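> next one to model:
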Amino acid sequence: MADFNFLEQIALQIKRNRQQLTDVDDELATINFRIHEIPLKISTESTFAKMIGENYVDATQELESAREKLLKEKETLTAKVNDDISTFISDFTSPDLVIPLEPNPLIADGSTFFKYKNGNTFKNIFDILSELLGLSSPILVKDVMFSPTEIVIRVTDEYEAKQKFLSSVNEVQKTLSIKRRNS
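Model prediction:
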């Protein structure tokens, strides 16, 4: 069974690993710059060290080793992010997806409002979902607005709202399935 609480954890994990990837890329850029600098400065630095009676320490090996370690870490993190996105899409498109909504909606201002059970919010799910769909959050599909705090349907009839909700979730699932096939 695919549920929103698990999806929220996967989405959070994707965001954390992406942040780590950004950090690794920053470190790689710094190391690559330093490696590139060494041949440009080696003559001056080694001559200067010799002149003052010190040994010149060539940091090339140390930097190359650090770069290799970071490249492996980047590869691992990229694989984790891709696996987590695949899991996210698979679970979200599952016919067994459980969206924990309160069964009794609030009808007001020409709309039907479904809150998540226990006042839960799902910010990370909607951050990743928005990105995958190429939409901004809250996500609007037909007359249904999906947000981290609630789902709002622009009708006042509860039965019609449920129909529109199911149709919109199905539309999102189809779009994600297509994305999965094309990636």
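> CA atoms for contacts and neighbours, from now on please.
Noted.
> what about Ile14, distance to Asn5?
Distance of Ile14 to Asn5, given as CA to CA, to the nearest Å: 14 Å.
> dump the residue contacts of Leu106.
Thr112, Phe113, Phe114 (CA atoms under 8 Å, 6 or more residues apart in numbering).
> what pairs with the strand or helix carrying the first one, and is each one parallel or antiparallel?
Translated: Thr112. Per DSSP states H and E: Thr112 is located in strand 111-115. Here strand 111-115 is paired, per DSSP bridges, with strand 106-108 (antiparallel), strand 150-153 (antiparallel).
> leaving out chain neighbours, which residue sits closest to Ile139?
In space, and not counting its chain neighbours, Ile139 is closest to Phe146: 5.0 Å by CA to CA, 6 or more residues apart in numbering.
> show me what the one you found bridges to in the sheet.
In this structure, Phe146 bridges to Ile139, Ile151 when assessed by DSSP bridges.
> for it, grab the count of nearby residues.
Neighbour count of Phe146, defined by other CA atoms under 10 Å: 20.
> residue contacts, the closest residue to Ala66 other than its chain neighbours?
Closest residue in space to Ala66, ignoring its immediate chain neighbours: Ile31 at 7.8 Å, by CA to CA, 6+ apart. Contacts of Ile31 were listed using CA under 8 Å, 6+ apart, and they are Leu63, Ala66, Arg67.
> just the buried residues of the residues you listed.
Leu63, Arg67 (16 or more other CA atoms under 10 Å).
> which of the contacts of Ile31 sits closest to Ala49?
Distance to Ala49, by CA to CA, is smallest for Leu63 among the contacts of Ile31, at 19.7 Å.
> mind telling me what element that closest one is part of?
Following DSSP H and E, one finds Leu63 within helix 60-92.
> does anything pack onto that helix? Which helices or strands?
With contacts defined as 3 or more CA pairs under 8 Å, 6 or more residues apart in numbering; DSSP states H and E, helix 60-92 has these neighbours: helix 4-51, helix 158-182.
> report the separation between Glu160 and Val98.
Glu160 sits at a distance of 20 Å from Val98 (criterion: CA to CA).
> thank you kindly, that will do.
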